[in-house]
Structures are given as C-alpha cells and as structure tokens.
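K.L.:
pasting the structure only:
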C-alpha cells in the first residue's frame with residue numbers, strides 16, 4: 001500500500017484533543033530516549049556533546065519505534081511503517097530535542113550534576129515539560145493540515161492518535 005505524504009485534516013472539534021495526544025505520544029518516545037541518553041552520558045562521565053548526541057539519537061529511535069510498533073503489529077510492511085513514522089514524528093521530536101537539550105545546557109549545573117543529584121532530575125523533568133509545551137502548537141498546526149501525526153492517525157482506523 002503506497003503511503004501518501006499527507007492525510008485528511010482532522011475535524012476542528014477533535015483537533016485540540018488529537019494534537020495533545022500526538023504531543024504526549026511523541027513526548028513519551030522522546031522522554032524515554034532522552035532520559036536513557038542523559039543517564040548513560042552522565043553515568044559514564046561523557047562530555048556534554050557526547051551525552052546530548054546519544055540522547056538525541058535515542059529520542060528519535062524511541063519516538064519512531066513507538067509509532068512503528070502498532071503499525072507493524074497491524075500488518076503494515078516495515079518500509080511503509082518507517083515512512084509513516086518519519087512523516088509523523090520528525091518535526092515534533094526535532095523541536096522537542098532542541099528545546100529539551102537547550103534547557104539542560106542553560107539550567108545551572110544540570111549537565112554536570114550526578115544521577116544522585118536532584119538538580120539533574122529536576123532539570124530533566126522541566127526540560128521535557130517545556131519541550132512538550134513547545135511541540136504542541138507545531139503538532140496542532142501539522143495535524144490541521146493533514147500532516148505530522150495525522151499521517152499515522154490515518155493508518156490506525158480509530159478516533160484518536162495512537
């Protein structure tokens with residue numbers, strides 16, 4: 001089945017709900033990867049650059065995986081599921097990663113705090129909340145145009161973004 005680059009726009013009555021669900025979905029994958037990357041980099045004493053690099057890579061990997069798994073389970077081919085995941089999540093996860101890592105870099109002491117330090121965890125939680133808040137308007141605008149998570153939504157056949 002060919003994958004279109006867009007889907008039908010979401011009805012105005014469900015746009016906010018769908019955008020919120022899409023943002024929370026993207027944030028969950030982003031958060032798993034970001035937290036895992038920050039923990040790995042911090043635990044091994046890596047540089048800020050290396051820690052951010054692994055965090056970003058893992059955030060995208062988990063974000064795409066969280067979108068692809070239900071599609072694959074429903075019988076979609078791997079190549080098609082990957083295409084849908086790229087269309088659905090790339091912009092949202094990219095924005096979240098920019099915001100999240102910028103906050104971690106500017107939060108005093110966050111990147112140098114150990115895993116047993118509350119500053120690390122508070123900054124990480126705050127950065128993820130701000131990242132989600134930044135991505136919501138983007139997701140809403142993309143979904144309203146039938147893009148972003150609306151592409152994955154079109155392949156689920158139920159009333160909300162997965």
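P.N.:
Here it is on my side, so go on. Note that this is a predicted model, so its numbers are computed, not measured. Numbering: from 1, shown residues only.

K.L.:
how about the nearest residue to residue 24, chain neighbours excluded?
P.N.:
residue 132 (7.2 Å; C-beta to C-beta, 6 or more residues apart in numbering). Placement of C-beta: from N, CA and C, glycine included.

K.L.:
quickly find the element holding that neighbour.
P.N.:
Using DSSP states H and E, the secondary-structure element containing residue 132 is helix 118-144.

K.L.:
next, the buried residues of that helix.
P.N.:
Going by neighbour count (16 or more other C-beta atoms under 10 Å), the buried part of helix 118-144 is 120, 123-124, 127-128, 131-132, 134-136, 138-140, 142-144.

K.L.:
pLDDT at the residue sitting nearest the centre point of the chain, what is it?
P.N.:
The residue lying closest to the centre of the chain (C-alpha atoms, centre = their mean) is residue 26, at 3.2 Å. In this model, residue 26 is scored at 89, pLDDT.

K.L.:
helices of this structure, start to end?
P.N.:
Along the chain, the segments classed as helices by DSSP state H run 12-43, 48-73, 78-106, 118-144, 149-154.

K.L.:
tell me which of these sits most buried.
P.N.:
Compared across the helices of the chain, helix 149-154 shows the largest average neighbour count, a mean of 24 (mean count of other C-beta atoms under 10 Å).

K.L.:
poorly predicted segments of this structure, please.
P.N.:
Scanning the chain for pLDDT under 70 picks out the ranges 1-13, 149-162.

K.L.:
quick one, phi/psi of residue 112?
P.N.:
Dihedral pair for residue 112: phi -100, psi 0, per degrees, to the nearest 10.
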